[in-house]
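[1] structure of the sequence below:
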Amino acid sequence: MFRFLKKILFLLLVGIIIYFFFTRLYVFKVKGNSMSPTIKNGSFVLVVKSNRLIKRKSIIVFFDPKTIKNKKMIKRVYGMGGDYLIIKKNGYEVKIKPEKGDKSYLKIPGNSYYVVGDNFSLSSDSREGWFVTKDLIIGRAFIVFYPIKYFKFLL
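    The predicted structure is shown next:
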């Protein structure tokens, strides 16, 4: 009887893992150098299909807002809906609420994200004037798993 229960529990666990892999996880192959040196061209990334896990500095995979669902992209989130963002020479500054009358900040629309590639010179991103809306997001990247020499967790 105990062996039978062990087999049932094992099969149940395998079933849960398979279900989770096919419904909540997504494998994405990086094409291009826009996220270099963090993620190299040709690397495979494991993505959790959810937009609830996204915060500033998260790396996300999404459908290209310019081509609407024909191309997938991977970028880092710099600002979220409701944030005010100013671009400086040495990076970005995000404020939740800038001083009254300060017009130098860009307001990010609700349910949108301002995303930028880690390789500024080779990245097509929100600096071109577009945002990523929640409905275009596939999920948050959390592991580079192939090639194995580039294995890392993306926190």
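[2] show me the contacts for the closest residue to Gly110 other than its chain neighbours.
    Closest residue to Gly110 apart from its sequence neighbours, by CB to CB, 6 or more residues apart in numbering: Gly81 at 4.1 Å. From N, CA and C alone the C-beta is placed, and that goes for glycine too. Shown in contact with Gly81 (CB atoms under 8 Å, 6 or more residues apart in numbering): Ile108, Pro109, Gly110, Asn111, Ser112, Tyr113.
[3] where does this structure dip in pLDDT?
    Scanning the chain for pLDDT under 70 picks out the ranges 20-22, 68-69, 89-99, 101-102.
[4] which parts of it are strands?
    Residue ranges of the strands in the chain, as given by DSSP state E, are 25-29, 44-48, 59-63, 72-80, 84-88, 91-95, 106-107, 112-116, 132-133, 137-146, 152-153.
[5] give me the sheet partners of the fourth one and which way each runs.
    Each strand pairing with strand 72-80, determined using DSSP bridges, is listed with its direction: strand 59-63 (antiparallel), strand 112-116 (antiparallel).
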